[in-house]
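**Student:** task: produce atomic coordinates for the following.
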Amino acid sequence: MAVTVEHLRVALRRGGWVLDGGSATTLEGMGFDFTGDHLWSARLLRDNPTAIRAMHLAFLEAGAHVIETCTYQASRAGFSKVGMSDAEADGMLRLGVQLAHETVQEFIATPHFNAAR
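**Tutor:** Numbers count the residues shown, from 1 in each chain. Alright, predicted model coming up:
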């Protein structure tokens, strides 16, 4: 489902939407360590996309209406520092969007979504 300007207007009239937050903190709570990693949580796009999905799902189950793509520190320049080409970096950025989109689609198809909203 695409979010339109009208969706945003309705949400604001109802008091707004709940955003996800604390991606790195949440992932650290799952046991990941980003100390000294210039990619931060974006490293998991390459190393453990399943963990990113789990994080997105946790935010949605907690009531988030909007989730981020886990690409905060992701860029061609950043990924090149870990030996990735521009094409590979672009793929990681697309993967971040794909993971968020797929997790939302899977979540809204569950009975939990209908009960929670």
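
**Student:** can you find the helix or strand in the chain with the smallest mean pLDDT?
**Tutor:** Across the helices and strands of the chain, mean confidence by mean pLDDT, DSSP states H and E is lowest for helix 111-116: a mean of 65.

**Student:** for Val66, grab phi and psi.
**Tutor:** phi -130, psi 130 (degrees, to the nearest 10).

**Student:** ok, now which ones touch the nearest residue to it once chain neighbours are set aside?
**Tutor:** Setting aside the residues directly before and after it, Val66 is nearest to Leu19 in space (Cβ to Cβ, 6 or more residues apart in numbering), at 4.7 Å. Every C-beta, even on glycine, is put in place using the N, C-alpha and C of the backbone. Applying Cβ atoms under 8 Å, 6 or more residues apart in numbering, we find Leu19 in contact with 64-68.

**Student:** what's the answer for Gln105, then?
**Tutor:** Applying Cβ under 8 Å, 6+ apart, no residues qualify as near Gln105.

**Student:** and the lengthiest helix in the chain, C-alpha only, in CSV?
**Tutor:** The helix that spans the most residues within the chain, counting by DSSP state H, is helix 86-108. Coordinates of each C-alpha in helix 86-108 appear next as CSV, following Å, rounded to 0.1, in the frame of the first residue of the first chain:
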residue,chain,number,x,y,z
ASP,A,86,29.3,1.0,-6.4
ALA,A,87,26.9,-1.6,-7.9
GLU,A,88,27.2,-3.7,-4.8
ALA,A,89,26.6,-0.6,-2.6
ASP,A,90,23.5,0.3,-4.7
GLY,A,91,22.3,-3.2,-4.2
MET,A,92,22.7,-2.9,-0.4
LEU,A,93,20.6,0.3,-0.5
ARG,A,94,17.9,-1.4,-2.5
LEU,A,95,18.0,-4.3,-0.1
GLY,A,96,17.4,-2.0,2.9
VAL,A,97,14.2,-0.7,1.2
GLN,A,98,13.2,-4.2,0.2
LEU,A,99,13.6,-5.6,3.7
ALA,A,100,11.5,-2.9,5.2
HIS,A,101,8.8,-3.2,2.5
GLU,A,102,8.7,-7.0,2.7
THR,A,103,8.5,-7.0,6.5
VAL,A,104,5.6,-4.5,6.4
GLN,A,105,3.8,-6.6,3.8
GLU,A,106,4.2,-9.8,5.8
PHE,A,107,3.1,-8.0,9.0
ILE,A,108,-0.1,-6.5,7.6
